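[1] with the input below, show me the fold.
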Amino acid sequence: MACALYIHWPFCLAKCPYCDFNSHVRDSVDHAAWEKALLADLRHEAELAGGEPLDSIFFGGGTPSLMPPALVARLLAEAEQLWGFAPGIEITLEGNPSSVEAANYAALAAAGVNRASLGLQALDDQTLRFLGRLHGAAEGLRAVETAQAVFDRVSFDLIYARPGQTVDGWERELAQALAIGTSHLSLYQLTIEPGTRFETMVRNGDFLPLDEDACADLFALTRERTASAGLPAYEISNHARPGEESRHNLAYWRYQDYIGIGPGAHGRRGGMATVRHKKPENWLAAVAANGHGLNEERALALGEQASEALLMGLRLDEGIDLAALAKRFAFGPDALIDHAKIAFYLGQGLVWQHGERLGVTQAGVPLLDGLLAELVRGELVSA
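    Predicted structure coming up:
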């Protein structure tokens with residue numbers, strides 16, 4: 001049963017050098033053709049996963065703020081007709097904070113979007129140029145102000161742990177970000193992703209990534225300052241006032257069902273994993289031929305589902321309920337987690353346990369990937 005819907009808009013004005021998302025630059029976009037195809041993809045999923053009202057919708061990309069507001073309105077109207085909306089549904093749209101796109105914010109709000117997630121990424125012009133962003137710092141701040149005036153809720157992203165960044169420099173930038181007064185912040189450490197222009201630049205010696213110890217210092221500062229400001233971390237990189245967490249992203253991390261449509265979108269519905277064709281032209285061709293953009297659809301074994309639920313849930317500050325997961329996936333509690341490893345890492349102060357609930361401590365979060373490999377039983381990972 002679907003409770004969350006993700007709609008992917010793959011187009012950007014430029015490809016950022018750090019980005020490994022499914023984003024593409026095109027000279028022109030046939031909006032009528034895209035509306036027809038997205039609606040078809042939407043209807044196909046509703047036939048398979050209808051019946052439960054949608055609790056959240058997320059327009060991601062790419063740059064969804066480049067979508068015509070009329071197209072957003074049309075997709076929302078169709079989604080409501082197909083599924084129905086739960087009371088207080090969260091409808092998020094990602095956007096770049098340019099003045100051109102900010103001019104559409106009021107129309108997007110009128111279309112039904114009630115939460116904006118803006119990619120500021122940095123608050124100074126030099127860094128924005130390094131990150132390949134098309135907006136300036138002042139322009140970005142004006143866009144956030146515009147968004148706060150028209151949307152019920154606003155979040156924005158920043159990238160830290162950049163080459164040469166100091167604790168003092170990040171502390172000043174973070175203080176400026178917190179003073180803006182949004183109820184949610186996504187604060188990501190810069191990662192050099194395979195296949196990106198940054199990977200090529202690092203390989204060529206154009207710049208050196210920040211070392212691990214410096215990254216750990218910046219992470220600790222981020223946790224401390226956001227908590228003091230009333231926006232504690234609820235996930236590795238996401239911070240919010242209590243009650244203002246991203247409902248849509250929580251659906252992923254709590255391993256609830258979600259529908260994904262549009263190029264490259266992933267989904268989980270009723271124990272099935274779905275993946276759409278990634279290249280926009282291939283996705284359009286698939287929809288024209290088949291009535292949907294699916295490239296892959298496969299049943300997940302219970303062990304694989306349990307493993308995914310553990311790997312996602314341990315990212316959250318709230319942790320996971322081992323008894324509830326064991327019941328959900330019909331596994332004995334000892335089949336999910338290596339309890340000897342839990343005891344060891346409890347002693348190291350890297351995990352916590354309260355009854356059946358297990359989580360990773362602040363000291364353990366920077367080591368999360370290694371901890372997950374240790375805690376989650378191998379037979380579940382490979383099931």
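
[2] surely residue 63 meets residue 8?
    No - under the criterion of C-beta atoms under 8 Å, residue 63 makes no contact with residue 8, lying 11.1 Å away. Bear in mind the C-beta positions are built from the backbone N, C-alpha and C, glycine included.

[3] mind checking which of the two has more residues around it?
    Legend: neighbour count by other C-beta atoms under 10 Å for residue 63 and residue 8, higher for residue 8 (27 against 22).

[4] now that one, what's its secondary structure?
    Here residue 8 is strand, with the state taken from DSSP: H, G, I helix; E, B strand; the rest coil.

[5] which residues does the residue nearest to it when sequence neighbours are not counted contact?
    Using C-beta to C-beta, 6 or more residues apart in numbering and skipping residues adjacent in sequence, the residue nearest residue 8 is residue 262, 3.2 Å away. Residues near residue 262 by C-beta atoms under 8 Å, 6 or more residues apart in numbering: 6, 7, 8, 9, 10, 38, 41, 276, 283, 293.

[6] cool, and residue 20?
    By C-beta under 8 Å, 6+ apart, the residues touching residue 20 are 193, 194, 195, 196.

[7] also residue 44?
    Contacts for residue 44 (C-beta under 8 Å, 6+ apart) come out as 291, 292, 294.

[8] thinking the first one is in contact with residue 37, fair?
    What that stands for is residue 291. No - with contacts counted by C-beta under 8 Å, residue 291 stays clear of residue 37, the gap being 9.8 Å.

[9] low-confidence stretches in the stretch 201-350 of the chain?
    333 (pLDDT under 70).

[10] circling back: which single one of the contacts of residue 262 is nearest to residue 231?
    Distance from residue 231 was checked for each of the contacts of residue 262 by C-beta to C-beta. The minimum falls on residue 6, at 24.4 Å.

[11] how near is that closest one to residue 185?
    21 Å (C-beta to C-beta, to the nearest Å).

[12] one more: residue 229?
    According to C-beta to C-beta, residue 229 stands 9 Å off from residue 185.

[13] and the two? Which one has more around it.
    Ranked by neighbour count (other C-beta under 10 Å), residue 229 and residue 185 place residue 185 first, with 23 against 17.

[14] tell me the SS of that one?
    Put simply, residue 185 is strand when judged by three-state DSSP.

[15] so which residue is dead centre in this protein?
    For the chain, the residue nearest the mean C-alpha position is residue 249 (6.0 Å; C-alpha atoms, centre = their mean).

[16] quick one: it is in a helix?
    Yes - assigned with three-state DSSP, residue 249 falls within a helix.

[17] tell me the one of the contacts of residue 262 nearest residue 254?
    Relative to residue 254, the closest of the contacts of residue 262 is residue 6; by C-beta to C-beta it sits at 15.0 Å.

[18] mind listing the shared neighbours of residue 229 and residue 185?
    When contacts are counted by C-beta under 8 Å, 6+ apart, residue 229 and residue 185 have residue 178 as shared neighbours.

[19] can you map out the strands along the stretch 51-200 of the chain?
    54-61, 85-95, 115-121, 153-160, 184-189 (DSSP state E, counting those that start in this stretch).

[20] now render those as CSV, adding distance to residue 299 and mean pLDDT.
    Output for these, formatted as CSV (distance: least, C-beta to C-beta, whole Å; pLDDT from 0 to 100):
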stretch, distance to residue 299, mean pLDDT
strand 54-61, 24, 97
strand 85-95, 27, 96
strand 115-121, 32, 97
strand 153-160, 35, 98
strand 184-189, 33, 98
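
[21] among those, which comes closest to residue 108?
    Minimum separation from residue 108 across the strands of the stretch 51-200 of the chain (C-beta to C-beta) falls at strand 85-95, 6.0 Å.

[22] could you give the angle of the closest one to strand 153-160?
    Going by axes from the mean of the first three to the mean of the last three C-alpha atoms, to 10 degrees, strand 85-95 is angled at 40 degrees with respect to strand 153-160.

[23] gap between strand 85-95 and the chain center?
    For strand 85-95, the separation from the chain centroid amounts to 14 Å (computed by C-alpha atoms, centre = their mean, to the nearest Å).

[24] let's see the distance spanning stretch 132-141 from one end to the other.
    17 Å (C-alpha to C-alpha, to the nearest Å).

[25] so for that stretch, what gets flagged as buried?
    For stretch 132-141, the neighbour count (16 or more other C-beta atoms under 10 Å) marks 133, 135, 136, 137, 139, 140, 141 as buried.

[26] nearest spatial neighbour of the third one, skipping sequence neighbours?
    I take that to be residue 136. Using C-beta to C-beta, 6+ apart, the closest residue to residue 136 is residue 125 (5.3 Å).

[27] same question, the second one
    With C-beta to C-beta, 6+ apart as the criterion, residue 135 has its nearest non-adjacent residue at 4.7 Å, and that residue is residue 98.

[28] the first one now?
    Computed as C-beta to C-beta, 6+ apart, the closest residue to residue 133 that is not its neighbour in sequence is residue 121, at 5.8 Å.

[29] circling back to that earlier point, quick one: which of the contacts of residue 20 is nearest residue 258?
    Each of these was scored against residue 258 by C-beta to C-beta, and residue 193 proved nearest at 23.0 Å.

[30] got the phi/psi numbers for that closest one?
    Main-chain torsions, residue 193, degrees, to the nearest 10: phi -90, psi 140.

[31] about what we covered before: distance to residue 352 added to the strands of the stretch 51-200 of the chain, as JSON lines?
    Shown next, in JSON lines, are the strands of the stretch 51-200 of the chain (distance: least, C-beta to C-beta, whole Å):
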{"stretch": "strand 54-61", "distance to residue 352": "28"}
{"stretch": "strand 85-95", "distance to residue 352": "29"}
{"stretch": "strand 115-121", "distance to residue 352": "30"}
{"stretch": "strand 153-160", "distance to residue 352": "26"}
{"stretch": "strand 184-189", "distance to residue 352": "22"}
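
[32] cool, thanks, signing off.
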